[in-house]
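> Predicted coordinates and the sequence they were generated for:
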Amino acid sequence: MVVSDGHASARRRRQAGGQRGAQPAGTSPIAGYFFVAFYVVLLLALGIAPAVYAIALALSTSGGLGVSHFVNTFNFFLFLPAFEHIATFEGIWLASQTVFVVILALMVHTLKPRVSAAFRLVFYLPGAMAGSASAIIWLFMFTPSGSPWAFILHAFHYQVLSNTVQPGNLPIVFAIMAFFTGAGGWIVIMYGALNNIPDELIEAAEIDGSSALQTAVRIKLPLIRKWIVYMLVLSFAAGSQLFVEPNILGVATNGEVPAQWSPNQLAYYLAFQQDSFNNAAAVSVDLLVIGLLVAVLLVWRGRLFEVE
Amino acid sequence: MLARRYAYRVIGLLVLLVFVAFFAVPMLWLVLAPTKTDYQLANQSPFAFGSLGTFVHTFNRVINYQGQLMLGWLKNSAIYSFGGTSLALLAAIPAGYGLALTQFIGRRALLAITLVVMIMPATALVMPLFLEAAAVHLVGTVWSVMLPFAFFPFGVYLAYIYFSSTIPRDLLAAARIDGAGEWGVFRHVALPLARPIVALVAFFAFVGDWTNYFLPFVMTSPSGATVTMGLQILIGSAPVFSPTASGYSGSEIYRPDLAMATLIAALPILIIFLFAQRTLVKGMLAGATKG
């Protein structure tokens, strides 16, 4: 998302006129502080303070500051599996979502507006099922008896739910759930971005003999690249927080899906079952650092948020 | 050449139809499941229609389950979501305006921090938030859920983009020359023009709050449970998934009940989704159109 920032252009105008550093007419700094005040209080109390608190908790040991909680949790036998699970899930989900969202948006964009509107609605509505609703729907979809997808499940010789949600399948199972609720919104947004491409550009390509496929790959795709990166950033952050889906599958399978499958579940387990908030904080900080690193990398490489 | 183009079209259509099935079949199943009894659900075709009478009966069973637990969950979800969304709007809209259209020291830093916390995995902070809430004795109160909901940096960012790209500065300057104070300019000039962004931020905040699971799960007591937590409680009472649940006579939840509960839980969001599609696209793209 390239944001054409009003301030930047205003500044250019002012500089051109020789009024470097002048305030926009009439605005006082106090007014600015007044407008952001409530948000800043919330930011400090509910964004910065808990992050600092988590870091302090994770670093405070009986002998002062140290990294023993990070070492302890790292060596805990459930730690690496939880991070492996989430990495596999993110890999499968982000790759398939990126490919399918882009393909579907490009395909829908070639249809007549009325037909494409119907397709978009079908893709987008499951987004309303985010969270536990989607987990329950797919619980039924993955149960071979009575599922509309029984023919596929039987092809894999799955007879009961626990066959479908066996450990090796879980990253795919959660990727399907996430794709079901997440993809439609992005297809709709990508479609909107494609609509913003000037018609003349597409027509010029067609006159030059470009096929529909070539136009899609060479003209349309580069123009929605920033949206794809934006989708990756927000999806990665959301995916790393997986909690409700494995939690519900755990309840539904009587613990066959372990209660520490994802890092967030592990943090919850450490805090409330093991009464170790320091270790839980260490896992939270690990998640936070990984999330921030990946986000910053994607934002930087994708040249997103060019605000000023 | 023509045959190849035709083949591409057919393949394209087939791919589209496979995805239509992927998205539509579960939704269709969800609406049809409560029209059937548990026996019918297990033995009839997944797409068979039971009867409207069974649908109403299932609805009543779910609503009246254990002293109308469902209504309590819905009420809690509504309180947290409406409260959280209102507070988020109160904070985000003026903040977006302030960041976009006023000058103050620290403005760029605040903008940068907002971008970082926006993409920060929020649930990683739930555990420290719990400890913070415990320290000020808020755990188990509505504030322990509503206040974290009020902090919505994504909304601030959306409002910032909107104000910086769509409100003409000259308009605000003219209002100032006419003698309007800073608050008056915001209240009487900028805010009336900001309806689309208020709707968009409210949409994202409300949907996020209603479907949030982890935060209320950690913060609330059983009486403060939300409808998303309620769904998990119901699974725990369904003998088909939790055999240990079959001991309590009369309190079992059957498969059609679970489908009905899921439908009820998602209904407010489904309705909002039906009306919000256009707003969503317009708002999300607002910042990109000028880029």
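Alright, I've got the coordinates.

> rest of the way, CA atoms for contacts and neighbours
Fine.

> tell me the domain boundaries of chain A?
Listed domain ranges for chain A are A:6-65, A:77-301 (source: automatic domain parsing).

> Need the ones you listed in TSV (columns: mean pLDDT, distance to B:Q44 and mean neighbour count).
Converted to TSV, the domains of chain A look like this (pLDDT from 0 to 100; distance: least, C-alpha to C-alpha, whole Å; neighbours: other C-alpha atoms under 10 Å in any protein chain shown):
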stretch	mean pLDDT	distance to B:Q44	mean neighbour count
domain A:6-65	72	51	16
domain A:77-301	89	8	19
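
> Can you redo the ones you listed as a markdown table, where the extra columns are distance to chain B?
A markdown table is the format used below for those (distance: least, C-alpha to the nearest C-alpha, whole Å):
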| stretch | distance to chain B |
| --- | --- |
| domain A:6-65 | 4 |
| domain A:77-301 | 5 |
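
> Turn these into TSV, columns for distance to B:F82.
Below are these laid out as TSV (distance: least, C-alpha to C-alpha, whole Å):
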stretch	distance to B:F82
domain A:6-65	17
domain A:77-301	17
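
> Nearest to B:I105, out of those?
Proximity to B:I105 (C-alpha to C-alpha) singles out domain A:6-65 among these, at 7.4 Å.

> so which strand or helix has residue 92?
No chain was given, so I picked chain A. helix A:79-109 (DSSP states H and E).

> right idea, wrong chain: chain B
Assigned by DSSP H and E, B:A92 falls in helix B:69-101.

> now that helix, how far from the centre of its chain.
11 Å (C-alpha atoms, centre = their mean, to the nearest Å).

> What residues of the helix or strand following it count as buried?
Helices and strands here follow DSSP H and E; after helix B:69-101, the next one along the chain is helix B:107-118. Going by neighbour count (16 or more other C-alpha atoms under 10 Å in any protein chain shown), the buried part of helix B:107-118 is B:107, B:111, B:114-115, B:117-118.

> Which single one of those is nearest to chain A?
B:V117 (7.1 Å; C-alpha to the nearest C-alpha).

> Need the three-state assignment for the most centrally placed residue in chain A.
For chain A, the residue nearest the mean C-alpha position is A:S235 (1.4 Å; C-alpha atoms, centre = their mean). Under DSSP: H, G, I helix; E, B strand; the rest coil, the three-state class of A:S235 is helix.

> Now it. Nearest residue, chain neighbours left out?
Using C-alpha to C-alpha, 6 or more residues apart in numbering or on different chains and skipping the chain neighbours, the partner closest in space to A:S235 is A:L94 (7.3 Å).

> that older thread, now do the residue nearest to the centre of chain A against B:I119, distance only.
Applying C-alpha to C-alpha, to the nearest Å, the value for A:S235 to B:I119 is 10 Å.

> Ramachandran coordinates for B:S221?
The phi/psi pair for B:S221 (degrees, to the nearest 10) reads phi -90, psi 170.

> nearest spatial neighbour of it, skipping sequence neighbours?
B:G140 (5.4 Å).

> how much space between that neighbour and B:L32?
In terms of C-alpha to C-alpha, B:G140 sits 37 Å off from B:L32.

> okay, the two: which has more neighbours?
B:L32 (22 against 19; other C-alpha atoms under 10 Å in any protein chain shown).

> For the helix or strand where B:L231 lies, which outside residues touch it?
Element membership for B:L231 (DSSP H and E) is helix B:227-236. Contacting residues not belonging to helix B:227-236 are listed as A:131-133, A:248, A:251-252, B:70, B:73-74, B:76-77, B:210-213, B:217, B:241-242, B:245, B:253, B:258, B:261-262, B:265 [C-alpha atoms under 8 Å, 6 or more residues apart in numbering or on different chains].

> now, which of these lie within helices?
Judged by DSSP state H, the subset of the contacts of helix B:227-236 located in helices is A:132-133, A:248, A:251-252, B:70, B:73-74, B:76-77, B:210-211, B:217, B:258, B:261-262, B:265.

> Can you pull out the low-pLDDT segments for chain B?
B:1, B:242-251, B:281-291 (pLDDT under 70).

> can you rerun that using 80?
For chain B, applying pLDDT under 80 flags the ranges B:1-2, B:5, B:119-124, B:240-252, B:276-291.

> which residue ranges form the helices in the stretch 101-250 of chain A?
Along the stretch 101-250 of chain A, counting by DSSP state H, counting those that start in this stretch, helices occupy A:113-124, A:132-141, A:150-155, A:161-164, A:170-195, A:199-207, A:212-214, A:221-223, A:225-239, A:244-252.

> my guess is A:Y268 meets B:V126, correct?
No - with contact defined as C-alpha atoms under 8 Å, A:Y268 does not count as touching B:V126 (9.4 Å).

> what's the nearest residue to the most centrally placed residue in chain B if we skip its chain neighbours?
The residue lying closest to the centre of chain B (C-alpha atoms, centre = their mean) is B:V207, at 1.3 Å. Distance criterion C-alpha to C-alpha, 6+ apart; nearest residue to B:V207, sequence neighbours excluded, is B:I269 at 6.4 Å.

> Retrieve the pLDDT associated with A:S68.
pLDDT, A:S68: 89.

> Does stretch B:18-35 reach chain A?
Yes - for stretch B:18-35, a contact with chain A is found by C-alpha under 8 Å from any C-alpha of the partner chain, at B:19-20, B:22-27, B:29-30.

> now these as a markdown table including secondary structure and neighbour count?
As requested, the residues of stretch B:18-35 next to chain A are exported to a markdown table (DSSP: H, G, I helix; E, B strand; the rest coil; neighbours: other C-alpha atoms under 10 Å in any protein chain shown):
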| residue | secondary structure | neighbour count |
| --- | --- | --- |
| B:F19 | helix | 17 |
| B:V20 | helix | 15 |
| B:F22 | helix | 16 |
| B:F23 | helix | 22 |
| B:A24 | helix | 19 |
| B:V25 | helix | 16 |
| B:P26 | helix | 22 |
| B:M27 | helix | 18 |
| B:W29 | helix | 20 |
| B:L30 | helix | 22 |
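
> Redo those residues as TSV? Include distance to A:F76.
Below are these laid out as TSV (distance: C-alpha to C-alpha, whole Å):
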residue	distance to A:F76
B:F19	41
B:V20	43
B:F22	39
B:F23	39
B:A24	42
B:V25	42
B:P26	39
B:M27	41
B:W29	42
B:L30	41
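
> Now flag whichever of those is closest to B:L172.
Among these, and counting by C-alpha to C-alpha, the member closest to B:L172 is B:F23, at 46.3 Å.

> contacting residues for the residue nearest to the closest one when sequence neighbours are not counted?
Among residues not flanking B:F23 along the chain, A:F123 sits closest, at 5.9 Å (C-alpha to C-alpha, 6+ apart). For A:F123, the contacting residues are A:183-185, A:187, B:19-20, B:23-24, by C-alpha under 8 Å, 6+ apart.

> Check B:D170 too.
Contacts of B:D170 (C-alpha under 8 Å, 6+ apart): none.

> Run the chain-centre distance for stretch A:147-156.
Centroid separation for stretch A:147-156 versus its chain: 29 Å, with C-alpha atoms, centre = their mean.

> repeat for stretch B:6-22
31 Å.

> Contacts made by that stretch with the rest, please.
If you take C-alpha under 8 Å, 6+ apart as the criterion, stretch B:6-22 is touched by A:104, A:107, A:119, A:122-123, A:180.

> Let's see that with 7 Å instead.
A:122-123 (C-alpha atoms under 7 Å, 6 or more residues apart in numbering or on different chains).

> got it, and stretch A:203-217?
A:L106.

> How far does it stretch from one end to the other?
In stretch A:203-217, first residue to last residue: 15 Å (C-alpha to C-alpha).

> How far does that stretch sit from its chain's centre?
32 Å.

> cool, stretch B:126-134 as well?
For stretch B:126-134, the distance to the chain centre is 22 Å (C-alpha atoms, centre = their mean).
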